[in-house]
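**Q** kindly generate the corresponding structure for this input.
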Amino acid sequence: DAPAPRPVNLEMLRADLNSEQPATAALAALLAFHAVRISQLRELRLTDIRDGRLHVADQIIPLAPAVQTRVRAWLDHRQKTWPNTPNPHMFIHVRNAITTRPVTSWWIRHQLGTAGQHIRTDRILDEAHATGGDIRQLIDLFGLSVDGANRYVATVTTVRSSPTPASR
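**A** Take a look at the predicted model:
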């Protein structure tokens, strides 16, 4: 069995969300609010966000206002920095701006103060607790498999069955 997911370091996450680096803030927001997969972040194209919605895989995700603000700031920065780039991907940097290749997972990892997968995991964990372990909701919201969703549901069950401080 895989170990239960652990909560993320909130100070580091807040620092990423409020970063002066627009790419960092946008990446952190997409992970923290919507638990977008790292592979999806790498492959995101400019056309995948339209009308305040993110279109990834078979999902259409209405973006939270805080995410929209950070993504807009990143896109403004991207346009000012690389106005003539042929790269159709949302996230680019100095080396891939002259190509059509996506960023790497390494690049994403180095933009964030904490592991992107850890941020994603924490978001799903939070939703599992907020819904009382509603497996269907986790599958629908995050595109998880039943086994993947069960990993998060198990944490809710464990917390519920743990003795409360008053009963010890």
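
**Q** drop to CA atoms for contacts and neighbour counts, all remaining ones
**A** Noted.

**Q** what strand or helix carries Ile119?
**A** helix 116-130 (DSSP states H and E).

**Q** check the offset of the next helix or strand after that helix from the chain's centre.
**A** Once helix 116-130 ends, the next helix or strand along the chain (criterion: DSSP H and E) is helix 135-142. In terms of CA atoms, centre = their mean, to the nearest Å, the centre of helix 135-142 is found 15 Å from the chain centre.

**Q** which strands and helices lie in contact with helix 135-142?
**A** helix 116-130, helix 146-161 (3 or more CA pairs under 8 Å, 6 or more residues apart in numbering; DSSP states H and E).

**Q** and the last one, which residues are buried?
**A** The neighbour-count check on helix 146-161 (16 or more other CA atoms under 10 Å) flags 149-153, 155-156 as buried.

**Q** cool, the shortest one as well?
**A** Under the neighbour-count criterion of 16+ other CA under 10 Å, helix 116-130 has 116-129 buried.

**Q** got JSON lines for those residues, with pLDDT and distance to Gln59 too?
**A** Listed next are these as JSON lines, based on pLDDT from 0 to 100; distance: CA to CA, whole Å:
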{"residue": "Gly116", "pLDDT": "91", "distance to Gln59": "20"}
{"residue": "Gln117", "pLDDT": "90", "distance to Gln59": "19"}
{"residue": "His118", "pLDDT": "91", "distance to Gln59": "21"}
{"residue": "Ile119", "pLDDT": "93", "distance to Gln59": "20"}
{"residue": "Arg120", "pLDDT": "93", "distance to Gln59": "16"}
{"residue": "Thr121", "pLDDT": "91", "distance to Gln59": "18"}
{"residue": "Asp122", "pLDDT": "92", "distance to Gln59": "20"}
{"residue": "Arg123", "pLDDT": "93", "distance to Gln59": "17"}
{"residue": "Ile124", "pLDDT": "92", "distance to Gln59": "16"}
{"residue": "Leu125", "pLDDT": "92", "distance to Gln59": "20"}
{"residue": "Asp126", "pLDDT": "92", "distance to Gln59": "20"}
{"residue": "Glu127", "pLDDT": "93", "distance to Gln59": "17"}
{"residue": "Ala128", "pLDDT": "93", "distance to Gln59": "19"}
{"residue": "His129", "pLDDT": "92", "distance to Gln59": "22"}
